[in-house]
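J.: the following block contains a protein sequence and its predicted model.
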Amino acid sequence: MKLILYYLSLLIFVAVITGFLISENSGGNIMAMQSMIGVSGALVLYTVAISLIGQGTSTDERDLLHKYISNRAGLIAGTIVFVIGIIYQLFVSHQIDYWLLIGLISVNLTKIISLIFLNYRR
């Protein structure tokens, strides 16, 4: 149950950030510097928290371990690229393309759903 609450809290966190960004940019307004720094900091915290999900014990089989490490590295790299893209757009154009947020949410939502499914499949 603790695991599910952790996953859901991260999803709620990114949903709140997304809602804030949509409300700030709804009228074509330029975002204030304090808002940009706050959202950037929240996204960095989100990246660290979502990257820590799924830490478990390693198996003895070498091939499985390599597969897990490569999948984890790919997910972390994808998450970091999306967050860097969002932060770059916040500071350069002061507007954000929502496909970056949708990509960030979909990558991490897929990870969360698969971890929940595999954890409670037994």
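T.: Thanks, I have it. Residues are numbered from 1 along each chain as shown.

J.: what packs against the stretch of helix or strand Ile116 belongs to?
T.: Assigned by DSSP states H and E, Ile116 belongs to helix 98-119. Contact partners of helix 98-119 among helices and strands, from 3 or more CB pairs under 8 Å, 6 or more residues apart in numbering; DSSP states H and E: helix 2-24, helix 62-92. C-betas here are computed from N, CA, C, even on glycine.

J.: out of these, nearest to Gly38?
T.: Checking these against Gly38 by CB to CB gives helix 2-24 as the closest, at 8.7 Å.

J.: pull the helix or strand with minimum mean pLDDT from this protein.
T.: When each helix and strand of the chain is scored by mean pLDDT, DSSP states H and E, helix 2-24 comes last, with a mean of 76.

J.: tell me the mean pLDDT over stretch 64-74?
T.: Mean pLDDT, computed over stretch 64-74, is 74.

J.: what residues sit buried inside it?
T.: Using 16 or more other CB atoms under 10 Å as the test for burial, stretch 64-74 gives no buried residues.

J.: swap in stretch 4-12?
T.: Neighbour-count burial for stretch 4-12 flags Tyr7, Leu10 (criterion: 16+ other CB under 10 Å).

J.: export it to PDB, keeping only CA atoms.
T.: Taking Å, rounded to 0.1, in the frame of the first residue of the first chain, the C-alpha atoms of stretch 4-12 are listed here in PDB:
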ATOM      1  CA  ILE A   4       1.000   2.800  -4.400                       C
ATOM      2  CA  LEU A   5       0.700   5.900  -2.200                       C
ATOM      3  CA  TYR A   6       4.200   6.900  -3.300                       C
ATOM      4  CA  TYR A   7       3.300   6.400  -7.000                       C
ATOM      5  CA  LEU A   8       0.100   8.300  -6.700                       C
ATOM      6  CA  SER A   9       1.600  11.200  -4.800                       C
ATOM      7  CA  LEU A  10       4.200  11.700  -7.600                       C
ATOM      8  CA  LEU A  11       1.400  11.600 -10.200                       C
ATOM      9  CA  ILE A  12      -0.600  14.200  -8.200                       C
END
